[in-house]
Structure formats: C-alpha cells, structure tokens
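Undergrad: predicted model and sequence below, questions to follow.
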Amino acid sequence: MTILIVDDDPGWIKILSRVLTSLQYQVCAASTWAAAMAAAKLRRPDCILLDCSLEGGTAAGFCAALKADAELEKIPVIVLSGAEEERTSCGADRFILKGSHFSEITGAVAEVLKKTEG
C-alpha cells in the first residue's frame, strides 16, 4: 500500500514517512498542491495524508479536484490540520488535528484503507 504525504514541512514528512514505513507502507511525498496532484496521478496512492495549508491551493480545493477526476476520485484523503473549524468544510474522508499522536494517524490510515478494500 502506498501513502502520499502532502505537507510543506520537510521535517514532518520525514518523521511521518519513518512511522509509515515502519508499518510496511510505501511512502511518497509532495510539498505543493500542484506536486501533490501530479504525484497522485503518477503514483496512484492508496491513501493521501494532506496538510490543510498548501502552497497553490487549499485542502478543500485539492479534495474537490481529486474527487472530480474519475481516475483519482476513490482515493481516500485524511486531512491533518491545526484548525478544528476546517473539519466539515474540507471534503476529506477523515480529519485529524495536527499534533495528534502517531497512533491516531496510523489508525485512520488503516481504517480508510480497510474501507476501500471492502
């Protein structure tokens, strides 16, 4: 299973990549909205972990663009944000507050992947 991490913080990408690879996930990363869309089209990840504040667009815009693409619409998106108020407006499959324990993030990944398999 491949997870696309989309965040503009290289340190966060590195840490989260280590956590996910330790659980046997393949990881790819992007730091901008455009790079994330390109990576999604190229790699066809099984799940996307998306920072809500991206250069070039918003999490809501990214989710809308993803869902509008017939080849990408089924990829689950988990938004990581520091702002609770974005929970309902982003259009993601799951929302997790940034700073949550890694077990909450990895649990959400496992949960959305299980739903897409079944």
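TA: Arrived safely.

Undergrad: so which residues of the chain form strands?
TA: Ranges of strands in the chain, per DSSP state E, are 2-6, 26-30, 47-51, 53-54, 57-58, 77-81, 94-97.

Undergrad: mean pLDDT lowest for which of those?
TA: Among those, strand 53-54 has the lowest mean pLDDT, at a mean of 78.

Undergrad: could you spell out the sheet neighbours of that strand, each with its direction?
TA: strand 57-58 (antiparallel) (DSSP bridges).

Undergrad: one step back: V19: which of the strands of the chain is closest?
TA: With C-beta to C-beta, the closest approach to V19 among the strands of the chain belongs to strand 26-30: 9.3 Å. The way it works is simple: take the backbone N, C-alpha and C, and place the C-beta from them, glycine included.

Undergrad: what packs against the closest one?
TA: strand 2-6, helix 10-22, helix 33-43 (3 or more C-beta pairs under 8 Å, 6 or more residues apart in numbering; DSSP states H and E).

Undergrad: deepest-packed of these, please.
TA: Among these, strand 2-6 has the highest mean neighbour count (mean count of other C-beta atoms under 10 Å), at a mean of 23.
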